[in-house]
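Peer 1: Just a sequence and a predicted model for now, questions to come.
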Amino acid sequence: MPDLPADLVNEDSVCYDMAYGRADTPFTSWAKSLHARQVNKGWGMLVEQAAESFLLWRGLRPQTQPVLEALAGHA
């Protein structure tokens, strides 16, 4: 992770890491340690892009909320 100044993040910050793993990344750990209001993993982008691709190929857009809820339950 780059050496970022701690004053970049505060209680109003929303931090997003495009990583898809279950464990925190160095960035998400850093953002949490600075009390960011919200810290997100890349699952939302991954799932939504997959749904859009499915729509293009199959003409049907799957529901994404159940997938996101299942992923959140296994965090």
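Peer 2: Received the coordinates, thanks. On a predicted model such as this, the values are computed, not experimentally measured, just so you know.
Peer 1: residue ranges with poor pLDDT in this protein?
Peer 2: The chain contains residues with pLDDT under 70 at 74-75.
Peer 1: which strands and helices sit next to the longest helix anywhere in it?
Peer 2: With secondary structure taken from DSSP state H, the chain has its longest helix at helix 43-58. In this structure, helix 43-58 packs against helix 65-73, with contacts taken as 3 or more C-beta pairs under 8 Å, 6 or more residues apart in numbering; DSSP states H and E. The C-beta positions use only the backbone N, C-alpha and C, and glycine is treated the same way.
Peer 1: I'd like the distance from the helix it packs on to the chain centre, please.
Peer 2: 12 Å (C-alpha atoms, centre = their mean, to the nearest Å).
Peer 1: likewise stretch 38-56?
Peer 2: Going by C-alpha atoms, centre = their mean, the spacing between the C-alpha centre of stretch 38-56 and its chain's C-alpha centre is 9 Å.
Peer 1: repeat for stretch 22-39
Peer 2: With C-alpha atoms, centre = their mean, you get 11 Å for stretch 22-39.
Peer 1: Which residues does that stretch contact?
Peer 2: For stretch 22-39, contacts defined as C-beta atoms under 8 Å, 6 or more residues apart in numbering pick out 1, 4, 6, 9-17, 19, 41, 74-75.
Peer 1: Restricted to helices, list these.
Peer 2: Using DSSP H, none of those sit in helices.
Peer 1: Contacts only, for the residue nearest the centre of the chain.
Peer 2: Centroid check for the chain by C-alpha atoms, centre = their mean gives Lys41 as the closest residue, at 2.3 Å. Residues near Lys41 by C-beta under 8 Å, 6+ apart: Asp17, Ala19, Tyr20, Gly21, Thr28, Ala75.
Peer 1: Try it again at 10 Å.
Peer 2: By C-beta atoms under 10 Å, 6 or more residues apart in numbering, the residues touching Lys41 are 16-25, 28, 71-72, 75.
Peer 1: Many thanks, I have nothing further to ask.
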